[in-house]
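Novice: this is a predicted model, with the sequence first.
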Amino acid sequence: MAAPSSLSPWASILPGDLLRLIAGRVLEGDFMDYVRFRAVCTGWRSGTLCPRGRGVTDLRFHPRRWMMLTEGHGLYPGYGKLGGYVRFFNLYTGTFVGAKLPLFRNHCALDSVDGLLILQRDEDSGIRVLHPFTGDIAELPPLATLLNQLGGDLNGARESDKWFFIRNTICASVSCNAGITTVMLAFHNLSHVAFATSLDRHWTMTSWEVPCNIRPLSFCGKLYVVHNPTPTLDATSTVLQIDHPLQDEMGLGSREPSPPRLVAKCPPDILRYPLYLVECDSEILVVGHSDSSFSHILVYKLADLMLGRFIPVTSIGDRALFVEQRSLSVSTKSLPTIMAESVIYTHPRRHEFAQFQLGTGIWSRPIDELGLDGFAPGPCSLIHHVLSCCFRNVWNKGLIYSTKEYKKPGWLVWKVKRKFRNGSQLKYTRL
């Protein structure tokens, strides 16, 4: 380490206002760059805001673009031989970071929102929102408080069946206000949304239903879904927005969020069903097909569709869009094997992974067939790891997606702590 006398003096003479301005610009780019910025010298560290203690409640410190990477071979987070470390991958820079997270000894991941992890505690199904790099945690009520709120056909169902409908593929959204963290959960197999705050003692299921939809998207604390009243190719699709719950006037909880509201319509002559939503560079993009042949993909900005402007996006720069259960936007600078300005998804007619290049209109395979079928020897490509992150029930178990294995009964069942993560034997005390 250099002696203090040899350090350049300019670092210590930066005015405080200028230092904080630069730090803010660095933080807008990447959270870990901000951490490195503060580590330059004691003056920069003391003159800027410490993220520890604010990692969850202050939106500025959310580690956006960071994704927990699935290791493959069933090496789930918390696996003993990993030594408590979990790897994270920056979708825009390609940087890898390892974080020691002892919580995974008795927690499993349900989702990731803006880099925050939504965890379930094994013993009582309590939900925790974890910042993986600061260790900050927001405590939320146990999921078990939802068991008695499932109506309809599940009212008299077995408890294990209820847990399947609750836990199987959750899309979460996180919002923070005045130090209070609010989480909404959209369930793949249920037509309702659950919500709770860090002040609540139980989750609440909405009284209204969410229309049948595919692949909800979490963005800025809200949920967005695509709905097709009649799931046919020549029907008009709609984009619905679910706002985050508002805190009550006493600050002791939250009121039920308003029912989904229509924000945009997509006529079939513009985009054909099915449609997909993906966040890219802080904007929501709507991805669909130009006609019923599914031979060409078009991308629109949701902001344009909300204004009735049907202008296709002609370029997404060096980005590639992964559109699956969870949609991701990735920089091809970090994934050189992927073509820039491309969309990777499951083709709705061929039911296989396909890659469409927006600029040329060329179709190709993103991964070789042997790799997807699980027959390729040796390590998987990075694109295969990223694609696996798009399937929450694959990602959280340390698996690599395989079309062959995905169809096998029991492949997506937890092999450890089954009674806590698959079944219903939970020690939950009613509050």
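Specialist: Looks like it arrived, so ask away.

Novice: and Gln355, what are its bridge partners?
Specialist: Gln355 has these beta-bridge partners by DSSP bridges: Ile344, Ser364.

Novice: quick one: contacts of the host helix or strand of Val330?
Specialist: Assigned by DSSP states H and E, Val330 belongs to strand 328-331. Strand 328-331 is contacted from outside by 67, 91-94, 278-281, 318-322, 338, 386, 389-390, using C-beta atoms under 8 Å, 6 or more residues apart in numbering. Using the backbone N, CA and C atoms, a C-beta is placed for each residue, glycine as well.

Novice: go on, stretch 314-321?
Specialist: With contacts defined as C-beta under 8 Å, 6+ apart, stretch 314-321 is touched by 278, 280-281, 285, 287, 299, 327-333, 335, 338-345, 358-359.

Novice: any idea how far it is from the middle of the chain?
Specialist: 20 Å (C-alpha atoms, centre = their mean, to the nearest Å).

Novice: end-to-end on that stretch?
Specialist: With C-alpha to C-alpha, to the nearest Å applied, stretch 314-321 spans 14 Å between its terminal residues.

Novice: next, the buried residues of it.
Specialist: For stretch 314-321, the neighbour count (16 or more other C-beta atoms under 10 Å) marks Ile316, Asp318, Arg319, Ala320, Leu321 as buried.

Novice: least trustworthy helix or strand in the protein by mean pLDDT?
Specialist: helix 369-373 (a mean of 65; mean pLDDT, DSSP states H and E).

Novice: after it, which helix or strand is next?
Specialist: Scanning forward in sequence from helix 369-373 by DSSP H and E, the next helix or strand is helix 382-389.

Novice: right, and the helix or strand after that next one?
Specialist: Per DSSP H and E, the helix or strand that comes after helix 382-389 is helix 392-395.

Novice: which other helices and strands contact that next one?
Specialist: With contacts taken as 3 or more C-beta pairs under 8 Å, 6 or more residues apart in numbering; DSSP states H and E, helix 392-395 sits against strand 107-113, helix 382-389.

Novice: quick check: what element follows the first one along the chain?
Specialist: Yep, that's strand 107-113 we're talking about. Downstream of strand 107-113 (by DSSP H and E), the next one is strand 116-121.

Novice: before we move on, back to that, from the buried residues of stretch 314-321, which is closest to Phe294?
Specialist: Leu321 (16.2 Å; C-beta to C-beta).

Novice: start and end of stretch 265-272, how far apart?
Specialist: 12 Å.

Novice: actually stretch 387-401, not the one I wrote
Specialist: 7 Å.

Novice: what do you get for stretch 104-121?
Specialist: Note: stretch 104-121 ends 9 Å apart using C-alpha to C-alpha.

Novice: that one: which residues count as buried?
Specialist: Residues of stretch 104-121 classed as buried: 104, 107-121 (neighbour count, 16+ other C-beta under 10 Å).

Novice: again with stretch 121-131
Specialist: Under 16+ other C-beta under 10 Å, the buried positions of stretch 121-131 are Arg121, Asp122, Ser125, Gly126, Ile127, Arg128, Val129, Leu130, His131.

Novice: now do the same end-to-end measure for that stretch.
Specialist: 15 Å.

Novice: that stretch: how far from the chain's middle?
Specialist: 17 Å.

Novice: which residues sit against it?
Specialist: 55-56, 61-63, 101, 103, 106-108, 110, 115-120, 136-144, 174, 181, 183, 196, 417, 420-421, 426-429.

Novice: swap in 6 Å and give it another go.
Specialist: Stretch 121-131 is contacted from outside by 55-56, 106-107, 116-117, 119, 137-138, 140, 142-144, 181, 417, 420, 426-428, using C-beta atoms under 6 Å, 6 or more residues apart in numbering.

Novice: likewise stretch 95-109?
Specialist: So stretch 95-109 is contacted by 77-78, 84-89, 117, 119-122, 132, 396, 421 (C-beta under 6 Å, 6+ apart).

Novice: give me the mean pLDDT for that stretch.
Specialist: Stretch 95-109 shows a mean pLDDT of 95.

Novice: tell me how far that stretch lies from the chain's centre.
Specialist: The answer for stretch 95-109 is 16 Å, by C-alpha atoms, centre = their mean.
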